[in-house]
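Return a 3D structure for these sequence lines:
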Amino acid sequence: MAQFSSIGRDARRRLAIGEMDLSSHQLKLALMKDDFVFSFTTQFLMGHVEAHEHPTINGYVAGGELMDVTAITADPTTGITTIAWNPVSWSANGGSIGPVGSAIIYNNSIGDRPILGYLDFNQSLTQSDGGLLLVIGTSVIIQ
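Numbering: from 1, shown residues only. I've put the predicted structure just below:
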């Protein structure tokens with residue numbers, strides 16, 4: 001199961017000032033090579049991590065897939081916002097996809113593509129030719 005790292009300061013700032021609108025902006029999920037190590041301190045834009053993204057090959061296209069956000073709920077008592085989405089998938093075709101060890105969630109509607117979060121798969125994953133690589137059952141909690 002993927003583990004979500006806390007939302008970064010830059011994304012928090014953009015949400016607070018209304019620059020980032022999770023209900024209308026396009027969020028994308030991009031797969032990262034298995035040796036990628038993420039830092040919210042220095043890597044807060046997609047351009048900071050593109051060199052570590054899985055390359056366009058065998059059914060994966062650099063930039064990742066659009067996320068179909070299914071729910072955004074906010075609890076006014078705790079201040080916690082939860083974002084849930086439908087599974088994101090890639091079909092391996094012509095060879096394998098991977099190895100990948102994590103994924104980046106970013107806002108594709110803002111020009112510099114700010115990173116919203118990081119999913120650590122806690123293992124190296126490779127999907128063989130003809131198979132489906134699926135990221136399911138994931139939600140992000142923003143405090």
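
average pLDDT for stretch 81-95?
The pLDDT scores in stretch 81-95 average 90.

How far does it sit from its chain's centre?
Centroid separation between stretch 81-95 and its chain, computed with C-alpha atoms, centre = their mean, to the nearest Å, is 10 Å.

how long is it from one end to the other?
Distance across stretch 81-95, first residue to last, is 39 Å (C-alpha to C-alpha, to the nearest Å).

ditto for stretch 39-48
10 Å.

go on, stretch 37-51?
Stretch 37-51: ends 12 Å apart by C-alpha to C-alpha.

likewise stretch 82-95?
Stretch 82-95 end-to-end distance (C-alpha to C-alpha) = 36 Å.

buried residues in stretch 86-95?
Across stretch 86-95, burial judged by 16 or more other C-beta atoms under 10 Å covers 88, 90, 92. Where you see a C-beta, it was placed from the backbone N, CA and C, and this is true even at glycine.

repeat for stretch 9-24
So, applying 16+ other C-beta under 10 Å, buried residues of stretch 9-24: 10-11, 14-15, 20, 22.

so how far is it from its chain's centroid?
Mean-position distance between stretch 9-24 and its chain equals 16 Å (C-alpha atoms, centre = their mean).

follow-up on the earlier one: pipe the buried residues of stretch 9-24 into CSV and attach distance to residue 103 and pLDDT per row.
As requested, the buried residues of stretch 9-24 are arranged in CSV below (distance: C-beta to C-beta, whole Å; pLDDT from 0 to 100):
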residue, distance to residue 103, pLDDT
10, 18, 84
11, 15, 84
14, 20, 90
15, 20, 85
20, 19, 90
22, 17, 82
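
and residue 75, how far is that from residue 45?
29 Å (C-beta to C-beta, to the nearest Å).

what about these two, which has more around it?
Just comparing residue 75 and residue 45: by other C-beta atoms under 10 Å the higher neighbour count belongs to residue 45, 17 against 9.

What helix or strand is the closest residue to residue 75 other than its chain neighbours located in?
Nearest non-adjacent residue to residue 75, counting by C-beta to C-beta, 6 or more residues apart in numbering: residue 81, 7.7 Å away. Element membership for residue 81, per DSSP states H and E: strand 80-85.

Tell me which strands that strand pairs with, and in which orientation.
Strands that pair with strand 80-85, judged by DSSP bridges, come out as strand 69-75 (antiparallel), strand 139-142 (antiparallel).
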